[in-house]
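[1] Sequence and predicted model, in that order:
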Amino acid sequence: MAKGTGRAYYMISVVAQRYNIHPQTLRLYEREGLLKPSRTDGNTRLYSDEDLERLETILSLTRDLGVNLAGVEIILNMRQRIEQMQGEVNEFMQYVKREMVKGLGDWE
């Protein structure tokens, strides 16, 4: 775990051991664009807690549900898009609420 940044980062060997997978599997997930760990100046991969959450999703899909990597990519992209759309809907609802309050104030 890296120190001094205020956030936890884990090296590939720690992540591989923690999730009982080979480091080459993590490298494959990175090559396929499923994981994007940050890098040190020395080019060492560092995995954040967010990366580990994403990895847990990938492992759940592949191990538990038998989804192949192409399917995992589609599912992850769809989840990201749904989260983005949910944010847009929430922003719109806040806008509607503000406008309704303004409209009620004007009506009174």
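    That came through fine.

[2] so how many other residues sit close to residue 38?
    Neighbour count for residue 38, taken as other C-beta atoms under 10 Å: 14. Quick note: C-beta positions are derived from backbone N, CA and C, even for glycine.

[3] how near is it to residue 50?
    Relative to residue 50, residue 38 is positioned 10 Å away (C-beta to C-beta, to the nearest Å).

[4] Over to residue 15?
    13 Å.

[5] So those two - more neighbours on which side?
    Remark: of residue 15 and residue 50, residue 15 carries more neighbours, 20 against 10, as counted by other C-beta under 10 Å.

[6] if I pick the more buried one, what's in contact with it?
    For residue 15, the contacting residues are 26, 47, 52, 55, by C-beta atoms under 8 Å, 6 or more residues apart in numbering.

[7] Going along the chain, name the strands of the protein.
    9-11, 38-39, 45-48 (DSSP state E).

[8] Which of those strands sits closest to residue 87?
    Nearest to residue 87 among these is strand 45-48 (20.8 Å), distances taken as C-beta to C-beta.

[9] What helices and strands are in contact with the closest one?
    Strand 45-48 is packed against strand 9-11, helix 12-19, strand 38-39, with contacts defined by 3 or more C-beta pairs under 8 Å, 6 or more residues apart in numbering; DSSP states H and E.
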